[in-house]
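# Got a predicted model here, sequence first, then my questions.
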Amino acid sequence: MRRITTEKTERQDMLDWMVPPPYVNDRELHQSETENVLFSDWPGAAIGSGRLTVKEENLLFRQLHFSAYKLSELYQASEKRLTDYRKREYSKWTQRYHLVRARIIEANQGLVFDLIGRSRFTSLDREEMTSEGMMALLRAADSFNPWKGYRFSTYACNAIIRSFSRAALQDSKRRDKEIANYEEDFDRVDNTEARRSDQHGLYIERLSRIMDTEKAELTDIEKTVLSKRFPKDEDRNRQTLEDIGRKLQISKERVRQIQISAIGKLREALQADPVLQ
């Protein structure tokens, strides 16, 4: 009786260790030829370094989710009967999963440092942002759907910026709860200003992203008017509606209408932005 109990305990310990990672349950995973298609060139891009091509990235993510899918299948089968064969298979797919995942993270970790360099979340230090950003990158790799057809960098950047925003908000709340002595009023003002600064930084970050990816679908003349009315370079002076109209050979009123239209499109794009929801 004691031996049976010990075996059950060891089996449960093994199953606890074998808990599989998450995966996107696309129908390709269930097709009989998928394993041969995805791993015909194994390890391929999984043992490289540096940036990934679009094709390599798509393959790696499909390999990642297929490996997690196989681990899930083996785990469910092992709950009924944990055989040596299933242990070996679980070990094989675990190694593949982690090798692919590490390659994906290595190729994209530069996104974290790039966004830290461009971030306007002044209340967070670089070490904290690095930690939050890397965790967000890992979560994004686990949940990214390669079958939807868009790049991982776009998906990951949104996740990283959201993590910065949440961290800034939590830091602001933590400051609000701190007990101050003779400088309590000053701390309250500082916390309010920090929240405003973080919120402003987030909107600037997303607006820049929208402009770069042309999510607002601005026309060429709308881009021209905005660039002259609100130049990115702080050393450049803003041009008046009349000056812009003279150069474009249109009326001052027409320039004003174009500006209003462009700002309206940007506002709609910001309202639809998933990071700001």
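That came through fine. Since this is a predicted model, take the numbers as computed values, not measurements.

# Where do the strands of the stretch 1-150 of the chain begin and end?
Using DSSP state E, counting those that start in this stretch, the stretch 1-150 of the chain contains no strands.

# Any stretches of it with poor pLDDT?
Counting by pLDDT under 70, the stretch 1-150 of the chain shows low-confidence ranges at 1-18.

# And the helices in it?
Secondary structure of the stretch 1-150 of the chain (DSSP state H, counting those that start in this stretch): helices located at 2-17, 34-38, 54-80, 84-108, 110-118, 126-143.

# Show me what secondary structure element comes after the helix or strand hosting Ser227.
Per DSSP states H and E, Ser227 falls inside helix 220-229. Counting by DSSP H and E, the next helix or strand C-terminal to helix 220-229 is helix 241-248.

# ok, and what's touching that following helix?
221, 224-225, 228-229, 251-252, 254-256, 259 (C-beta atoms under 8 Å, 6 or more residues apart in numbering). Any C-beta I mention is one placed from the backbone N, CA and C, and that applies to glycine too.

# Among those, which one sits closest to Asn237?
Taking C-beta to C-beta as the measure, Asn237 lies nearest Lys228 of the contacts of helix 241-248, at 9.8 Å.

# could you measure the residue nearest to that closest one when sequence neighbours are not counted against Thr219, distance?
Excluding the flanking residues, the one nearest Lys228 by C-beta to C-beta, 6 or more residues apart in numbering is Gln239, at 4.5 Å. As judged by C-beta to C-beta, to the nearest Å, Gln239 and Thr219 stand 18 Å apart.

# Show me which of these two is the more surrounded one.
Taking neighbours as other C-beta atoms under 10 Å, Gln239 and Thr219 compare with Gln239 leading, 18 against 12.

# Please point out which parts of stretch 22-35 sit buried.
The neighbour-count check on stretch 22-35 (16 or more other C-beta atoms under 10 Å) flags 23-24, 26, 28-29, 34 as buried.

# from these, which single one is nearest Gln271?
When those are compared against Gln271 (criterion: C-beta to C-beta), the nearest one is Val24, at 28.0 Å.

# The closest one reaches Ala141, doesn't it?
No. The pair Val24 / Ala141 is not scored as a contact, 11.2 Å apart, by C-beta atoms under 8 Å.

# Which residue, other than its chain neighbours, is closest to Leu115?
Ile160 (5.3 Å).

# Burial check on that neighbour, number of neighbours?
27.

# Low-confidence bits of the stretch 151-277 of the chain, can you list those?
Using pLDDT under 70, the stretch 151-277 of the chain drops low at 174-205, 233-235, 273-277.

# what ranges do the helices span in it?
Counting by DSSP H, counting those that start in this stretch, the helices of the stretch 151-277 of the chain are 152-177, 184-213, 220-229, 241-248, 252-272.

# Distance to Thr122 added to the ones you listed, as JSON lines?
Listed next are those as JSON lines, based on distance: least, C-beta to C-beta, whole Å:
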{"stretch": "helix 152-177", "distance to Thr122": "9"}
{"stretch": "helix 184-213", "distance to Thr122": "5"}
{"stretch": "helix 220-229", "distance to Thr122": "26"}
{"stretch": "helix 241-248", "distance to Thr122": "33"}
{"stretch": "helix 252-272", "distance to Thr122": "21"}
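
# Relative to Ala77, which of the ones you listed is closest?
Of the helices of the stretch 151-277 of the chain, nearest to Ala77 by C-beta to C-beta is helix 152-177, at 31.0 Å.

# Could you list the buried residues of that closest one?
Here helix 152-177 shows 152-153, 155-165, 167-169, 171-172, 175 as buried, counting by 16+ other C-beta under 10 Å.
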